[in-house]
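Undergrad: After the sequence you'll find the predicted model.
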Amino acid sequence: APGSYVVASAFGKSSQWYRNVGAAPHVRISVGARRSAPATARLLGHDESMAAATAYARGHPRAWAALQPVLEATLGDPTEAMPMVALELTGRDGDQRG
């Protein structure tokens, strides 16, 4: 959805940034022309992570083919073990942007 992003933690749940956004979900992200935009992070559960990985693999088969071996070398089965974070851009007043 517009204003919504999913980011994978290729080094698992022990990755420092992953633990940081879990503890303090009000973050700032830079995407494209947006620089340091306010956002809210939410750690995805197993089913949501699986759905996101499957959707990415279907939507970007060439990128997934290159990325999958790297993730497997790091995590084993990336679709089973890769933790993910949803990032939702927020407005200045804290309301969700669409």
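TA: Alright, I've got the coordinates.
Undergrad: surely residue 74 meets residue 14?
TA: No - no contact is recorded between residue 74 and residue 14 when judged using Cβ atoms under 8 Å, the distance being 11.6 Å. C-beta here means a position set from N, CA and C on the backbone, and glycine is covered the same way.
Undergrad: Looking at the two, which has the bigger crowd around it?
TA: A count of neighbours by other Cβ atoms under 10 Å puts residue 74 above the other of residue 74 and residue 14, at 13 against 9.
Undergrad: which residues touch residue 44?
TA: Taking Cβ atoms under 8 Å, 6 or more residues apart in numbering as the definition of contact, the neighbours of residue 44 are 6, 52, 83-86.
Undergrad: Swap in 6 Å and give it another go.
TA: 84, 86 (Cβ atoms under 6 Å, 6 or more residues apart in numbering).
Undergrad: Now do it against residue 21, distance only.
TA: 11 Å (Cβ to Cβ, to the nearest Å).
Undergrad: Pick out the least confidently modelled helix or strand of this structure, by mean pLDDT.
TA: Taking mean pLDDT, DSSP states H and E as the measure, helix 78-81 is the helix or strand of the chain with the lowest mean score, a mean of 61.
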